[in-house]
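Enquirer: the sequence isn't on hand, but the structure is:
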């Protein structure tokens, strides 16, 4: 594979996308050198052309706000396909955890670079991540050009000494990310789950989130066992435990939520918690229940979309995730009308942007210029009776032609600078990780 020459605009310059199809009709979109959309509307390109440093003809394209992946473990791209079709506990204890124990910062850097490459190729401009060696992950995100909210996976296993080490690691990560001065990358808290973090650890994360005004990412009610174990050990279900620790707030992004009951959905709504739906991972790991989307929606919860990590999905394509989410909800609730295409599209764009504090996820003046351009005449977009329907039920990330993140073009006509090196280095890191693992050569 040889990268062909494609002209990329100056990352500090202005861009005019001319006569592009959007969900609201044809528009011109003018992006200023601040990375924000300065003007959008029919015919506004005439007055903006003289100030545009770069012009993108949009007649054959369909513009959409950048997709937002609200739950993943990016560096697990190195484990894609390493262990599949196993019972959950065997998958974790015999395959995933032993390799994760051997990870290095360099592994995480190249695994995150690979994940960012995949996300750019499939139209994702921002993501929320929870993993380890997050300073290295932050460097990878910066080098890729996407946006991310990064949290260190805080796991103290109710050990006071380990808790102090996890607190120190979290504080180092927050300091390191802030010292980068990169507005595209923000730190977050990452208490893994109620079964891996003590109440003291959960309370510390809640207090730190409130003091620092930063997001908390947490796994919540993913499996039935998580709920029954919490009741047995703490006398409370996971949602009530998190609430008692002060962890339910508008800064909280809870992943999975498959085993929430109706009262818990109402509580999450009252507290302003955001919930990340991960349908492909939940189905593949057979958690036994679908996210109660109708209860969350009726409670006013902002429901977003995530892929989870590549070891349990096995890709990061949010177009595929939109379709999976819509079909799973219809199947589980035996209703053809639940989660229609426009709602699934909202989950992957505006809802995700709102959860991560990245604007309102629309193509409107004053909003960040996080824009993806799809091939209007791709087979999946032909015919185009209903663009939202095509985007959710027909398209995959392969229809994305160009990706713009905060005014910077990251992919132009399917070309991403440096792609070959990322694939080569990530492949080598994955092979070396497996060699170091159990049974490796």
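Expert: Okay, I see it. Predicted, not measured: the structure shown is a model, and the values here were computed from it.
Enquirer: hey, let's count contacts and neighbours off CA atoms from now on
Expert: OK.
Enquirer: which helix or strand lies directly C-terminal to the helix or strand that contains residue 138?
Expert: Element membership of residue 138 [criterion: DSSP states H and E] is helix 134-144. Next along the chain after helix 134-144, taking DSSP H and E as the criterion, comes strand 147-152.
Enquirer: in its sheet, what does that next one sit against?
Expert: strand 124-131 (parallel), strand 185-188 (parallel) (DSSP bridges).
Enquirer: any idea how far apart the tips of stretch 403-414 sit?
Expert: One end of stretch 403-414 to the other measures 9 Å (C-alpha to C-alpha, to the nearest Å).
Enquirer: still on that earlier bit, same for the helix holding residue 138, what does it pack against?
Expert: With contacts taken as 3 or more C-alpha pairs under 8 Å, 6 or more residues apart in numbering; DSSP states H and E, helix 134-144 sits against helix 105-121, strand 147-152, helix 160-180, strand 185-188.
Enquirer: buried residues of it, list them for me.
Expert: 134, 135, 136, 137, 138, 139, 140, 141, 142, 144 (16 or more other C-alpha atoms under 10 Å).
Enquirer: same question for stretch 425-441.
Expert: Neighbour count says stretch 425-441 has 425, 426, 427, 429, 430, 433, 434, 437 buried, by 16+ other C-alpha under 10 Å.
Enquirer: centre of the chain to that stretch, how far?
Expert: Distance of stretch 425-441 from the chain centroid (C-alpha atoms, centre = their mean, to the nearest Å) equals 26 Å.
Enquirer: could you pull up the mean pLDDT of it?
Expert: Stretch 425-441 carries an average pLDDT of 89.
Enquirer: which residues touch that stretch?
Expert: The contact list for stretch 425-441, computed with C-alpha atoms under 8 Å, 6 or more residues apart in numbering, reads 78, 79, 98, 99, 102, 103, 106, 107, 110, 111, 113, 114.
Enquirer: now, of the residues you listed, which are buried?
Expert: The buried subset of the contacts of stretch 425-441 - by 16+ other C-alpha under 10 Å - is 78, 79, 99, 103, 107, 110, 111, 113, 114.
Enquirer: which two in those residues are spaced the farthest apart?
Expert: Farthest-apart pair in those is 99 and 113; separation 18.8 Å (C-alpha to C-alpha).
Enquirer: I'd assumed residue 377 was in contact with residue 399.
Expert: No. Between residue 399 and residue 377 there is no contact under C-alpha atoms under 8 Å: 9.3 Å.
Enquirer: how about the closest residue to residue 227 other than its chain neighbours, phi and psi?
Expert: The spatial neighbour of residue 227 that comes closest, neighbours along the chain excluded (C-alpha to C-alpha, 6 or more residues apart in numbering), is residue 237 at 5.6 Å. Residue 237 adopts backbone torsions of phi -70, psi 160, taken as degrees, to the nearest 10.
Enquirer: looks like residue 410 contacts residue 401 (just checking).
Expert: No. With contact defined as C-alpha under 8 Å, residue 410 does not reach residue 401; the gap is 10.7 Å.
Enquirer: those two - which one has more neighbours?
Expert: It is residue 410, of residue 410 and residue 401, that has more neighbours when counted by other C-alpha atoms under 10 Å, with 24 against 21.
Enquirer: and the more buried one, helix, strand or coil?
Expert: Classification of residue 410 by DSSP: H, G, I helix; E, B strand; the rest coil places it in strand.
Enquirer: just give me the closest of the buried ones among the contacts of stretch 425-441 to residue 319.
Expert: Closest to residue 319, out of all of the buried ones among the contacts of stretch 425-441 and judged by C-alpha to C-alpha, is residue 114, at 18.3 Å.
Enquirer: and the pLDDT at the closest one?
Expert: 98.
Enquirer: over to residue 45?
Expert: 89.
Enquirer: for it, which non-adjacent residue is closest in space?
Expert: residue 28 (5.4 Å).
Enquirer: would you agree that neighbour is in contact with residue 43?
Expert: Yes. Contact criterion C-alpha under 8 Å: residue 28 and residue 43 qualify, at 6.3 Å.
Enquirer: joint contacts of these two?
Expert: With C-alpha under 8 Å, 6+ apart as the test, residue 28 and residue 43 both reach residue 19.
Enquirer: the more surrounded of those two?
Expert: residue 28 (23 against 14).
Enquirer: which parts of stretch 164-180 are buried?
Expert: 166, 167, 169, 170, 173, 174, 176, 177.
Enquirer: could you measure from the second one over to residue 204?
Expert: Shown here: residue 167 relative to residue 204, a distance of 8 Å by C-alpha to C-alpha.
Enquirer: hey, where'd the helices end up in the stretch 151-300 of the chain?
Expert: For the stretch 151-300 of the chain, the helices defined by DSSP state H, counting those that start in this stretch cover 160-180, 199-212, 224-234, 238-244, 262-271, 279-284, 293-298.
Enquirer: for residue 121, find the nearest of these.
Expert: helix 279-284 (19.1 Å).
Enquirer: contact partners of the closest one?
Expert: Residues outside helix 279-284 that contact it (C-alpha under 8 Å, 6+ apart) are 85, 222, 256, 290-291, 307-308, 312-313, 321, 324-325, 328.
Enquirer: thinking again about what came up before, just name the most buried of the helices of the stretch 151-300 of the chain.
Expert: A comparison of the helices of the stretch 151-300 of the chain by mean neighbour count, using mean count of other C-alpha atoms under 10 Å, puts helix 279-284 on top with a mean of 21.
Enquirer: and that helix, how far from the chain's centre?
Expert: On C-alpha atoms, centre = their mean, the centre of helix 279-284 falls 15 Å from the chain's centre.
Enquirer: so how far is residue 25 from the residue nearest to the spatial centre of the chain?
Expert: Nearest to the geometric centre of the chain sits residue 69, at 1.9 Å (C-alpha atoms, centre = their mean). Distance, residue 69 to residue 25, using C-alpha to C-alpha: 26 Å.
Enquirer: same question, residue 343
Expert: Distance, residue 343 to residue 25, using C-alpha to C-alpha: 19 Å.
Enquirer: who has more neighbours, the two?
Expert: More neighbours surround residue 343 than the other of residue 343 and residue 25, with 17 against 12 (other C-alpha under 10 Å).
Enquirer: report pLDDT for the more buried one.
Expert: pLDDT recorded at residue 343 is 98.
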